[in-house]
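*Asks:* Generate a structure from the sequence data that follows.
(2 chains)
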Number of protein chains: 2
Amino acid sequence: MSLIEHVTSLAALPGGRLPAGALGLARLSLLDWMACGIAGMDEPVATKLRAFAESEGTKGVSSVIGGGAASARMAALVNGAASHALDYDDTHFAHVGHLSVGIYPAALAVAEEIDTSAEAMVQAFLVGAETAIRIGMVLGRSHYNQGFHQTATAGAFGATVAAARLYRLGEQEMRNAIGLCATRASGLKSQFGTMGKPYNAGLAASNGVECARLAALGLTSADDGLMGLQGFIPTHTQAAEFDGGRGLPSLDDFLFEDNKYKLHACCHGTHAMIEALLEANALQGCGLDDIAAFTLHTNPRWLRVCDLKEPRTGLEVKFSYNWLAGMTIRGDRTGDDRVYRDALADDAMLADFARKVRVVGDDALTDMEARGAVTLKDGSEISIYHDLAARIPQTVLAGKLQAKAEAVIGEKGAALWGRFVDLPGKRACNLGQELRREP
Amino acid sequence: MSLIEHVTSLAALPGGRLPAGALGLARLSLLDWMACGIAGMDEPVATKLRAFAESEGTKGVSSVIGGGAASARMAALVNGAASHALDYDDTHFAHVGHLSVGIYPAALAVAEEIDTSAEAMVQAFLVGAETAIRIGMVLGRSHYNQGFHQTATAGAFGATVAAARLYRLGEQEMRNAIGLCATRASGLKSQFGTMGKPYNAGLAASNGVECARLAALGLTSADDGLMGLQGFIPTHTQAAEFDGGRGLPSLDDFLFEDNKYKLHACCHGTHAMIEALLEANALQGCGLDDIAAFTLHTNPRWLRVCDLKEPRTGLEVKFSYNWLAGMTIRGDRTGDDRVYRDALADDAMLADFARKVRVVGDDALTDMEARGAVTLKDGSEISIYHDLAARIPQTVLAGKLQAKAEAVIGEKGAALWGRFVDLPGKRACNLGQELRREP
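*Replies:* Model (predicted):
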């Protein structure tokens, strides 16, 4: 089956055929995404994009995070950027990127526009996310290493499919929507460290709404915008993987079930280490002073990402194994974004502990694993290990995500979970209402 | 000088430093672009994009071709697509693409929004067009051959600079605008033959307005979005030309002066042949029956573009040397888009003449040249030759473009030229008013 057939089959799966496990996870993603969005609503990029929305003055049919309402396309742009502003949202490692921030804003904005149920919106998201994962996998590492940002590029196709499903496009229109997205999708990693990064998430979402809407209006486009001649994939990667899509796993299993959630407000590359340290019973009650040395093994790709030896700011601490190891052992609330103040970089106790930490690149580990050894001053050694790939039972995950929501947005987080942990009977616009600024 | 410095210097050139010849040509481009837009206003892609604008319901500050008013970004999108719908607009061969349709919609929309003079708008367009040409040249043939559409990609940077100049961005904001455009610009050639092609022109224009506007609002981005690490150019071409921009010609001469105008409503690859046939005095008064054979030499790249031997529709006739040669000698009005009806493909006289035509690929010719020999039945031979690269005096060109405008939009074309051949004293909104649908 060609990639375009694979994607159109996926897009057309009836709700009843969507795997229950994946759907359950999509519901947890929704609440986690909303909490990240609400937490990010006053970040500069969110404020500026709301000013842009204000100046365009669109017809208000979809909710804007921290604002009122705007057109679906505009709401998708603002909400994508606002929810990715803190970089605390989910990650899918095989897709190589963030799914919720590019796709939920599109699904929610269109679902509010057409006034449908929250459940139909979640289903559209799930199908879009699964599309984005698979296109991201075909684009592969070569695409990412060349400088493209799958969150934005593959994400736009996911957002397009999610929006198109809600607009109930037929097969030909769906192909046109995907073909339009092929000429519309964009996004570079060179934006990292600037407002351009969260903007990229907004681009995925708004491109998806635009392409689906234009296809619904009858715009035509390339018949196979994915692997066709001069389609998106051959023009944007030097080495398409999975035999250009023909070698993708079947649609019986949804790869979305491997979506991963940030439970710590720092670089995802440090999370396996943090979890490994938290899990080590022998470390309970240990102080930083009890430890003589800590050696960490991690996949070499992370050494260029989150191995800052002497962080200078709170933001840089988020990318420092040395600092985060000390914080974790000391019991700091690594899940609370407000903990990462600039003063943390000057914390003498952490600076002292950092000198005991050695980080080793190790090809035997995947980029979701961490392995290490803590040597205590009494000479004993404690081995630690964690693999983020191991799935957490959804009930356990729900508890952790709810605690995260409460950590980042307080009361509002608890209320959100209380209200929407059960979706049946809810409308998309009930969800949207939660994102608006309270009067 | 690095490319980003080259572009920011260009963007900041004071009006008085812009070459008079290039400015004069930009004024002619404006009227030609407006005529193409008005001629295309009822094409399906224009109608559908107006419906999209309608559904978004933006604040009306900029004129929409064939409609009322919308936000600057939305007007740019619709007007880019509408003006490229007939593919009768200008081409810059070194840039490899169409300048006016991607950049004038952005310049005009922003100029109306801020209510400035027509002259300031033309200057912003010129600076944007010169930017797009130079970025297109650095992206080079490799970018085009890989499947990208310079009209959309390099065009977006041109539109960004034009809009940013009108918004009076400072140097850092200008860099941010260009950096945002690096992550926003897109456009594939696989859209050719579908509504996706004119949509690409709209993308260039609306991306330009969006990126300039967001930079004005303070959005940050990659410092060097062009040749910087994972910037637009290294990620979008395998062989950047002109030493990555350092080898570009100086800014003393504007390459825009080589912009070329379609005077025939068919593929630009056939125009050198048509002009060569029209110029041959010895062919005046010759009928198709007087001719025994016609051999045409053309650059080989055109053989894959406009050498359809048996066109089946009026659209296909536009890509057929054989048919167009007969039409030209017969005296058909090749400049009138309405001539290309489907019945023309069944014209027995043209079909008969087509059998006498032989087209030869010839590497000795550039893609702007045509050479040929017409053999009459009396045995005599007439040599023909034309090079589109030869510049036409602007007074002569003005006459031809005015005639073209009258051919495609009749009275309205004459009125447009009469009213706006002199721009001083005119506001951008006077121009915009001409594009709206008459009440």
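
*Asks:* Kindly tell me how buried residue A:391 is, as a neighbour count.
*Replies:* 14 (other Cβ atoms under 10 Å in any protein chain shown). From N, CA and C alone the C-beta is placed, and that goes for glycine too.

*Asks:* my read: it touches residue A:257, true?
*Replies:* Yes - contact criterion Cβ atoms under 8 Å: residue A:391 and residue A:257 qualify, at 6.9 Å.

*Asks:* Checking my notes, residue A:370 in a strand, right?
*Replies:* Yes - under DSSP: H, G, I helix; E, B strand; the rest coil, residue A:370 sits within a strand.

*Asks:* Give me the nearest residue to it, chain neighbours excluded.
*Replies:* residue A:272 (3.6 Å; Cβ to Cβ, 6 or more residues apart in numbering or on different chains).

*Asks:* And the pLDDT for that neighbour?
*Replies:* Per-residue confidence (pLDDT) for residue A:272: 98.

*Asks:* what do you get for the one 4 residues further on?
*Replies:* What the model reports as pLDDT for residue A:276 is 98.

*Asks:* Can you give me the neighbour number for it?
*Replies:* Using other Cβ under 10 Å, residue A:276 has 24 other residues around it.

*Asks:* can you tell me which residues contact it?
*Replies:* Going by Cβ atoms under 8 Å, 6 or more residues apart in numbering or on different chains, residue A:276 touches A:370-372, A:384-386.

*Asks:* what's the answer for residue A:405, then?
*Replies:* The contact partners of residue A:405, by Cβ under 8 Å, 6+ apart, come to A:31-32, A:35, A:413-414, A:416-417.

*Asks:* can you give me the offset of the least confident helix or strand in chain A by mean pLDDT from its chain's centre?
*Replies:* Sorting the helices and strands of chain A by mean pLDDT, DSSP states H and E puts helix A:314-317 at the bottom, at a mean of 92. Distance of helix A:314-317 from its chain centroid, counting by Cα atoms, centre = their mean, to the nearest Å, is 20 Å.

*Asks:* need the residues of the stretch 51-200 of chain A near chain B, please.
*Replies:* Taking Cβ under 8 Å from any Cβ of the partner chain, the part of the stretch 51-200 of chain A that reaches chain B is made up of A:51-52, A:55-59, A:71, A:73-74, A:146-149, A:152, A:179-180, A:182-191, A:194-196, A:199-200.

*Asks:* picking that back up, now the residue nearest to residue A:370: which helix or strand?
*Replies:* Residue A:272 is part of helix A:271-279, with elements assigned from DSSP states H and E.

*Asks:* Next, the buried residues of that helix.
*Replies:* Buried residues in helix A:271-279, counted by 16 or more other Cβ atoms under 10 Å in any protein chain shown: A:271-278.

*Asks:* next one: stretch A:115-135
*Replies:* A:116-135.

*Asks:* again, but for stretch A:134-143
*Replies:* A:134-140, A:143.

*Asks:* between the residues you listed, which is closest to residue B:170?
*Replies:* Distance to residue B:170 across these (Cβ to Cβ) is lowest for residue A:143, with 34.5 Å.

*Asks:* you'd agree the closest one is up against residue A:232?
*Replies:* No - under the criterion of Cβ under 8 Å, residue A:143 is not in contact with residue A:232, lying 10.0 Å apart.

*Asks:* quick one: common contacting residues for these two?
*Replies:* With Cβ under 8 Å, 6+ apart as the test, residue A:143 and residue A:232 both reach residue A:153.

*Asks:* What are the neighbouring residues in contact with residue A:67?
*Replies:* Contact partners of residue A:67, counting by Cβ under 8 Å, 6+ apart, are A:50, A:53-54, A:78, A:436-437.

*Asks:* out of the residues you listed, which is most surrounded?
*Replies:* That'd be residue A:78 among those, by other Cβ under 10 Å, with 32 neighbours.

*Asks:* Distance-wise, check that one relative to chain B.
*Replies:* As defined by Cβ to the nearest Cβ, to the nearest Å, residue A:78 lies at a distance of 11 Å from chain B.

*Asks:* distance between the helix holding residue A:272 and the chain's centre?
*Replies:* Distance, centroid of helix A:271-279 to centroid of chain: 20 Å (Cα atoms, centre = their mean).

*Asks:* Counting by contacts, list what the next helix or strand after it packs against.
*Replies:* Sequence order places strand A:291-298 as the next helix or strand after helix A:271-279, per DSSP H and E. Counting by 3 or more Cβ pairs under 8 Å, 6 or more residues apart in numbering or on different chains; DSSP states H and E, the packing neighbours recorded for strand A:291-298 are helix A:271-279, helix A:321-330, strand A:357-361, strand A:369-376.

*Asks:* just checking, next helix/strand downstream of the longest one?
*Replies:* This means helix A:321-330. Going down the chain from helix A:321-330, the next helix or strand is helix A:348-354, by DSSP H and E.

*Asks:* Show me what counts as buried in that next one.
*Replies:* A:350, A:353-354.

*Asks:* Mind putting the residues you listed into JSON lines with distance to residue B:112 and pLDDT?
*Replies:* Conversion of the buried residues of helix A:348-354 to JSON lines gives the following (distance: Cβ to Cβ, whole Å; pLDDT from 0 to 100):
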{"residue": "A:350", "distance to residue B:112": "56", "pLDDT": "98"}
{"residue": "A:353", "distance to residue B:112": "61", "pLDDT": "98"}
{"residue": "A:354", "distance to residue B:112": "57", "pLDDT": "98"}
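
*Asks:* Can you tell me which of those residues is nearest residue A:343?
*Replies:* Nearest member of those to residue A:343, counting by Cβ to Cβ, is residue A:350, at 10.8 Å.

*Asks:* for the buried residues of helix A:348-354, which one is nearest chain B?
*Replies:* Comparing the buried residues of helix A:348-354 against chain B with Cβ to the nearest Cβ places residue A:354 closest, at 28.3 Å.

*Asks:* do you know how far the closest residue to that closest one other than its chain neighbours is from chain B?
*Replies:* Closest residue in space to residue A:354, ignoring its immediate chain neighbours: residue A:322 at 3.7 Å, by Cβ to Cβ, 6+ apart. For residue A:322, the distance to chain B equals 26 Å [Cβ to the nearest Cβ].

*Asks:* so what's residue A:322 up against?
*Replies:* Residue A:322 neighbours (Cβ under 8 Å, 6+ apart): A:308-309, A:353-354, A:357, A:359.

*Asks:* which of those residues sit farthest apart?
*Replies:* Maximum pairwise distance among these (Cβ to Cβ): 14.8 Å, between A:308 and A:353.

*Asks:* I'd assumed residue A:369 was in contact with the residue nearest to residue A:370.
*Replies:* Yes - counting by Cβ under 8 Å, residue A:272 touches residue A:369, with 5.7 Å between them.

*Asks:* ok, residue A:228 - contacts?
*Replies:* Per Cβ under 8 Å, 6+ apart, neighbours of residue A:228: A:4, A:222, B:190.

*Asks:* swap that for residue A:318, please
*Replies:* A:265-267, A:270, A:306, A:324, A:340 are the contacts of residue A:318 under Cβ under 8 Å, 6+ apart.

*Asks:* Not counting its neighbours along the chain, what's nearest it?
*Replies:* Using Cβ to Cβ, 6+ apart, the nearest residue to residue A:318 is residue A:266, at 3.8 Å.

*Asks:* Could I get the pLDDT score of the one you found?
*Replies:* Residue A:266 is given a pLDDT of 93.
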